[in-house]
Structures are given as C-alpha cells and as structure tokens.
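Asker: What would the 3D arrangement of this be:
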Amino acid sequence: MGVFEKRIDTFLTEYNNLREKNLYYYLQQVDQLDGAHVWIGGRRMVMFSSYSYLGLLKHPKVQERAREALDRFGTGTHGVRILAGTTAAHVECEQRIASFLGTEDAIAYSSGYVANLSTISTLLGRHDVVITDKLSHASIIDGCVLSSAEFQRFKHNDLDDLRRLLKAAADKFEGKLVIVDAVYSMDGDVCPLPELVALCREYGAWLMVDEAHSLGVLGTTGHGIIEYFGMSPQDVEMLSGSLSKTLPAVGGFVAGRHDLIQFLRHQARGFVFSAALPPAAVAAVTASLDVIEEDPSLIAAVRRNIQRFVGGLNEMGYDTLNTKSCVIPIIIGKPEPTLELTSRLHRDGMFVSPILHPAVPMNTCRLRANVTAGHTDEDIDFALDLLRRHGKDMAIIK
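Answerer: Predicted coordinates:
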C-alpha cells in the first residue's frame, strides 16, 4: 500500500467506525428550512448549528433583491472579476460593505477562506513576519503558511506573549503583520482590540482582524468589533470576514484603505484567478446590510437569546468558557461522552455539532451551539431541558 493509500485508509477506518456506531454527525442533508428549524431525514429539528446569526436566511427583502439580480444578470457572470465578471451588483456590494464598516473600500472574494488565504499570502514577503493568535481560524493559518514570511503564534489573547514576539521582531523583519479573530470560532470569546491596536502601533506592525463571527452581532448596532470597543475603523489596517454567516450568501471580504484594496484587486491570486461571485449572492449581501441597519430588533433578539441560553447552561453547571457571542461552547471533555450526548440530543430533536480534537485541544471536546435571533424562548428552553436531562443522566452535570 502506497503512502497516499495509507493516509486515506487511516481516515476511512475512523470514519467507518463512527458511522457503524451511528456517531457520525457531519454532512447531514437538510431537506427543508423553516426559521430556526430544519427537516433532516423526515424529522423536524431545532437548529443550533446555524451561522445565520440574525435569522436573515429567506428574509423577504434579501430574497427580493437576490431575485432582481438573478433576473437582471443571470446565474453567473462572464468570468473573473478583473476581466469581464464585474457587474453593477458587485460594485454596489463592495461599496456597501465599506460603508457599513466605515472603511474607504472593500473587496469581495469567492469565500471567507479565500479572502484570508489570498490577502495574507499576497501582502507578505520573505523578509516579513506574521504573528497570529494560537486559536486563529484555519484560513488565517493556511494564509500564513502559504506566504513566504516568518510565521509565529502567540498564546490565546495573551498580550504579554504578543509583546515578547513583537519586541524580538523589531529590528529583524521589514514588515510586521498581526492577525486575530474578532470572535474566536470555537470559544466564542472576543479579542482585546484596544490593547492589540496599542501594541501594534508601539512596534510598527499592521493589524488584521477577522470579523467572520462578529459582524452583525457585536456592537450596539451590530457593526462589529470596532463599534463594540468604541474605536475608529482607521485603528485597524484590515478587516476581513464572511459573506455566508450573518450575511446569508456566499463569499468573503477584506475592507480597508482604498490603496490597499486596489493592490489586492490586481495582485491577490485568489481574486484575480477566481470566477466572480454570482450576482444574486452579492445582491443578497447588500440587502442584508441594509436590513441590519434598518431593523435593530434583530440584534436585540440575538442578544436576549444568548443571555437566556448561556445563563441557563451556567446555572446547570455547564462550562461555556468566556463566550461573548453567538458561538456557545459547551465543554464536555472526552470525545466519547461528547458524541454520546450529541446522539441523545439529535434523537430528541436538537441539531447541534460535536467538536473533537484536533479541532480543539485535548480534553476540551465540546458541543458548539450557535444561538440566533430566529430562536424563540420555547426553542431555547427546549434545548436547555434536553441538556439538563441528558447531562444529569450521563453525570456530566450534577
């Protein structure tokens, strides 16, 4: 057996073992959507794994704008953006992202992963250093690896450790870039942005912040990490993010100064050599940003639901770390009880995702529950009741 076959076989052995035990909970087919509920295998379930944090999937205004773009431009474009694939819908979308975030300009990529991967690998050179939080998203890590820069990581949200690395890099590298997540995708906690900005300014480094899980959630009016801390968009050189979480479409973005964005439009290979996003998708993004600014009740609802769910979990004795967002980690510890609890919840109608090592550190296996504005009090209380009953029965909580 060759080396490639061995790698595939090792994976398939574990995969088939999970399937045989009915403990495989990934790639499940959703047959129908109804707000915070889904139909899977003929069963109606409450969805607690959705990224639609404000419940904008199938929002009437978003659907209408997407249909208008579909009728006007068709299902696709004439090719890549830099040649014949830029439509009025793309231009309007990028301008709307920039205005929403308070930056000069923005660029839309084919995915959030590509946005980070391509931007980081394009900007950095072999005489530079890039420093990321140890819990940064895979797209950030892969962008750093793909770049020719020195790649370093600091302990999660540890400003002293970042200072140590920046100080050591002061006279050693030409360019210095620090990258963090606004909200961390597995823990749900928030980066210490004011202190990060101060450190980067002290050591002459640029700062890039990924808003994938914070856009539409953090800040008084949902404008993200900058608003959350009462700072200026000019305090951060680059904001990146997803167009397929709070914003119910597909794609990713980077926002910042006009000169930076123009550089990326002509130099970032993930943009130059990728087909343009479907016009209906970018029109949906534009409409979604309008809805967020027009309907503050959505942000109020998601905050209320987060408080209700996290408060209920903590009262029972579940550890939810230091989450401040829609991402709610429910720490179980070992993989076996994590999968067993997932099995019980799915059986009883709660769709939630198990997260195991190596996606998270050893002995911190968890359920990652996502709370949205679409959940009702009854949905949340239903989930809490299941977690209480099964948690006690399995001796996870007292």
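Asker: mind checking the SS state of the residue nearest to Leu264 when sequence neighbours are not counted?
Answerer: Distances taken as CB to CB, 6 or more residues apart in numbering put Ile107 closest to Leu264, at 5.3 Å, once the chain neighbours are dropped. Every residue, glycine included, has its C-beta placed from N, CA and C. Per DSSP: H, G, I helix; E, B strand; the rest coil, the secondary structure class of Ile107 is strand.
Asker: show me the contacts for Ile107.
Answerer: Each residue near Ile107 by CB atoms under 8 Å, 6 or more residues apart in numbering is listed here: 94, 115, 253-255, 261, 264-265, 268, 271.
Asker: Closest to Asn22 out of these?
Answerer: The shortest approach to Asn22 among the contacts of Ile107 belongs to Ala115, at 36.7 Å (CB to CB).
Asker: quick one: contacts for that closest one?
Answerer: 107, 109, 139, 240-242, 251-254, 270.
Asker: and with 6 Å instead?
Answerer: Applying CB atoms under 6 Å, 6 or more residues apart in numbering, we find Ala115 in contact with 109, 240, 252-254.
Asker: Report the angle between the one helix or strand it maps to and strand 105-109.
Answerer: Of the helices and strands defined by DSSP states H and E, Ala115 is found in helix 112-123. Here helix 112-123 runs at an angle of 120 degrees relative to strand 105-109 (axes from the mean of the first three to the mean of the last three CA atoms, to 10 degrees).
Asker: Give me the packing partners of the helix or strand just after helix 112-123, helices and strands only.
Answerer: Once the chain leaves helix 112-123, the next helix or strand it forms, by DSSP H and E, is strand 129-133. When contacts are defined as 3 or more CB pairs under 6 Å, 6 or more residues apart in numbering; DSSP states H and E, strand 129-133 packs onto strand 150-154, strand 176-181.
Asker: Go ahead and produce CSV holding the CA coordinates of the last one.
Answerer: Which is strand 176-181. Extracted in CSV, the C-alpha atoms of strand 176-181 (Å, rounded to 0.1, in the frame of the first residue of the first chain):
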residue,chain,number,x,y,z
LYS,A,176,5.2,43.0,10.6
LEU,A,177,1.6,41.8,10.5
VAL,A,178,-0.5,40.7,13.5
ILE,A,179,-3.7,38.8,12.7
VAL,A,180,-6.5,37.9,15.2
ASP,A,181,-10.2,36.9,15.1
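Asker: Show me how this protein divides into domains.
Answerer: Split into domains by automatic domain parsing, the chain comes to 16-47+296-393, 61-294.
Asker: got CSV for the ones you listed, with mean pLDDT and distance to Tyr53 too?
Answerer: Shown next, in CSV, are those (pLDDT from 0 to 100; distance: least, CB to CB, whole Å):
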stretch, mean pLDDT, distance to Tyr53
domain 16-47+296-393, 96, 5
domain 61-294, 97, 5
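Asker: Nearest to Glu5, out of the ones you listed?
Answerer: Across the domains of the chain, Glu5 has its closest neighbour in domain 16-47+296-393 (15.4 Å, CB to CB).
Asker: if we can go back for a sec, can you tell me which of the contacts of Ala115 are in strands?
Answerer: 109, 240, 252-254 (DSSP state E).
Asker: And the helices in the stretch 151-300 of the chain?
Answerer: Ranges of helices within the stretch 151-300 of the chain are 159-169, 193-203, 225-228, 258-267, 269-272, 279-294, 297-316, based on DSSP state H, counting those that start in this stretch.
Asker: Follow the chain on from the last one and name the next helix or strand.
Answerer: If I follow you right, that is helix 297-316. For helix 297-316, the following helix or strand on the C-terminal side (DSSP H and E) is strand 327-333.
Asker: Restrict that next one to CA atoms and write it as PDB.
Answerer: Only the C-alpha atoms of strand 327-333 are listed here, as PDB (Å, rounded to 0.1, in the frame of the first residue of the first chain):
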ATOM      1  CA  VAL A 327     -20.800  30.800  19.500                       C
ATOM      2  CA  ILE A 328     -21.600  28.900  22.700                       C
ATOM      3  CA  PRO A 329     -19.000  26.200  23.600                       C
ATOM      4  CA  ILE A 330     -20.500  23.600  25.900                       C
ATOM      5  CA  ILE A 331     -17.400  21.800  27.300                       C
ATOM      6  CA  ILE A 332     -17.700  18.100  27.800                       C
ATOM      7  CA  GLY A 333     -14.100  16.900  27.900                       C
END
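Asker: Measure how the helix or strand following that strand sits relative to strand 327-333, angle-wise.
Answerer: Counting by DSSP H and E, the next helix or strand C-terminal to strand 327-333 is helix 335-347. Angle of helix 335-347 versus strand 327-333, following the same axes, to 10 degrees, is 130 degrees.
Asker: which helices and strands does the following helix or strand past helix 335-347 pack with?
Answerer: Using DSSP H and E, the next helix or strand after helix 335-347 towards the C-terminus is strand 350-351. If you count contacts as 3+ CB pairs under 6 Å, 6+ apart, strand 350-351 packs onto strand 43-47.
Asker: which residues touch the helix or strand following the strand it packs on?
Answerer: Counting by DSSP H and E, the element after strand 43-47 in chain order, helix or strand, is helix 60-73. The contact list for helix 60-73 (CB under 6 Å, 6+ apart) reads 56, 87, 89, 279-280, 283-284, 287-288, 291.
Asker: Let me know the closest of those to Asp348.
Answerer: Leu56 (27.7 Å).
Asker: Now the closest one: closest residue in space that isn't a chain neighbour?
Answerer: Nearest residue to Leu56 in three dimensions, chain neighbours excluded: Pro248, at 4.7 Å (CB to CB, 6+ apart).
Asker: what's the neighbour count on that neighbour?
Answerer: Look at Pro248: counted by other CB atoms under 10 Å, it has 25 neighbours.
Asker: quick one, what contacts it?
Answerer: Per CB under 6 Å, 6+ apart, neighbours of Pro248: 52, 56-57.
Asker: run the last query once more with 10 Å
Answerer: Shown in contact with Pro248 (CB atoms under 10 Å, 6 or more residues apart in numbering): 50-59, 62-63, 66, 281, 284-285, 287-288.
Asker: Nearest residue to the middle of this structure?
Answerer: Centrality entry for the chain: nearest residue to the mean C-alpha point is Ala212, 3.7 Å, by CA atoms, centre = their mean.
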